[in-house]
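Enquirer: Provided below for reference: sequence and predicted model.
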Amino acid sequence: MRLIFRCGTDTRLQADGLIEQMEQLENCLNVRLLAYYSGAFNETSISLQKISIDLLSIVKLYDSIITFVLQRPERFDEIEEKPAIC
């Protein structure tokens with residue numbers, strides 16, 4: 001009976017450890033995604049705020065950001081392979 005209880009405790013500790021590792025990985029991935037997307041959006045935002053920007057440039061910037069977002073699934077491996085931030 002003690003052996004079963006011990007296995008249960010060990011299993012529970014292992015499960016808790018795995019949950020903690022998964023949460024850390026999830027947080028790390030979220031940080032990577034945030035850094036990846038905020039960089040692109042920030043560059044576009046800065047360009048759109050220029051006083052001397054013409055309409056054609058605005059349309060091109062919006063098209064590029066739309067394309068960037070739509071290509072997100074294809075770029076997941078690229079994001080995942082970047083050096084770890086966390």
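Expert: Structure received.
Enquirer: Do a quick rundown of the helices in the protein.
Expert: For the chain, the helices defined by DSSP state H cover 2-48, 55-70, 76-81.
Enquirer: give me the low-pLDDT residue ranges for the protein?
Expert: The model of the chain has pLDDT under 70 over residues 1-9, 73-86.
Enquirer: ok so, going back, need the helices of the chain in a markdown table with mean neighbour count, can you?
Expert: Any C-beta I mention is one placed from the backbone N, CA and C, and that applies to glycine too. Formatted as a markdown table, the helices of the chain follow (neighbours: other Cβ atoms under 10 Å):
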| stretch | mean neighbour count |
| --- | --- |
| helix 2-48 | 11 |
| helix 55-70 | 12 |
| helix 76-81 | 10 |
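Enquirer: correct me, but F68 touches S38?
Expert: No. Using Cβ atoms under 8 Å, F68 makes no contact with S38, being 12.0 Å away.
Enquirer: hey, C-alpha coordinates of stretch 34-44 in PDB?
Expert: Output in PDB follows, covering the C-alpha atoms of stretch 34-44 (Å, rounded to 0.1, in the frame of the first residue of the first chain):
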ATOM      1  CA  LEU A  34       5.000  39.500 -29.300                       C
ATOM      2  CA  ALA A  35       8.600  40.600 -30.200                       C
ATOM      3  CA  TYR A  36       8.300  39.300 -33.700                       C
ATOM      4  CA  TYR A  37       5.000  41.100 -34.400                       C
ATOM      5  CA  SER A  38       5.600  44.300 -32.500                       C
ATOM      6  CA  GLY A  39       8.700  44.900 -34.500                       C
ATOM      7  CA  ALA A  40       6.900  44.800 -37.800                       C
ATOM      8  CA  PHE A  41       4.000  46.800 -36.600                       C
ATOM      9  CA  ASN A  42       6.200  49.400 -34.900                       C
ATOM     10  CA  GLU A  43       8.200  50.000 -38.200                       C
ATOM     11  CA  THR A  44       5.000  50.400 -40.100                       C
END
